[in-house]
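[1] Only the shape, not the letters, is given here:
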């Protein structure tokens, strides 16, 4: 290596903020080892370790075929969420969750005002007209987060090396699961199993009289 190249390497090594970054793939499974979708995975770094890209200012929780879409949405604290109704029937969206209590009275289309989610926590959504409608918004105070797909995976890229806390939440589990992971300059895959899962509450029930009244 020439003298100039040695100097460049040394300068890069000593530059402030030139921390080595790693990739981290989290695979979430149930207790039997089966991939688990709809798990919210958030990464919390040690103070000063840096953060990822800033979450979008707005997000969308749609309503299609009498279901919330997506079933699970993760957003950064402060995000505005819009609730378009893409069905040809009216919905009445509400939540009694401590992290966000709100109500969007009977409407269809895009007439409902967006809702700002300004406190971290789990927000369970329902419809006053259609009892089978159930959705979740997880509000996180981290810039690095995502929701697992059917393969149970979520990947974080360019994560600064160091010790991080992984926090996993799922609608079928009452409490978050946390795990400490240390990154040291190499790609890493971690499989985390969730126990104590409750049955999936989504089920098709017969229409009530109220549903039949507004199903037009």
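    Everything's here; your move. Everything quoted here is computed from the prediction, not taken from an experiment.
[2] Hmm, residue 97 is touching residue 124, no?
    Yes. Proximity of residue 97 to residue 124 meets the contact threshold set by C-beta atoms under 8 Å, at 5.3 Å. (C-beta placed from N, C-alpha, C; glycine too.)
[3] just checking, next helix/strand downstream of the host helix or strand of residue 167?
    Assigned by DSSP states H and E, residue 167 belongs to strand 162-169. As assigned by DSSP H and E, the chain's next helix or strand after strand 162-169 is strand 177-183.
[4] so residue 183 touches residue 22, yeah?
    Yes. Here residue 183 reaches residue 22: they are 4.2 Å apart, a contact under C-beta under 8 Å.
[5] Give me the common contacts of the two.
    Counting by C-beta atoms under 8 Å, 6 or more residues apart in numbering, the residues touching both residue 183 and residue 22 are 159-161.
[6] And residue 132, how close does it get to residue 139?
    Computed as C-beta to C-beta, to the nearest Å, the residue 132 to residue 139 distance reads 24 Å.
[7] More neighbours: the two, which one.
    When residue 132 is set against residue 139 and neighbours are counted by other C-beta atoms under 10 Å, the residue ahead is residue 139, at 23 against 17.
[8] surely that one meets residue 97?
    No. Residue 139 lies out of contact with residue 97 (C-beta under 8 Å); the separation is 9.8 Å.
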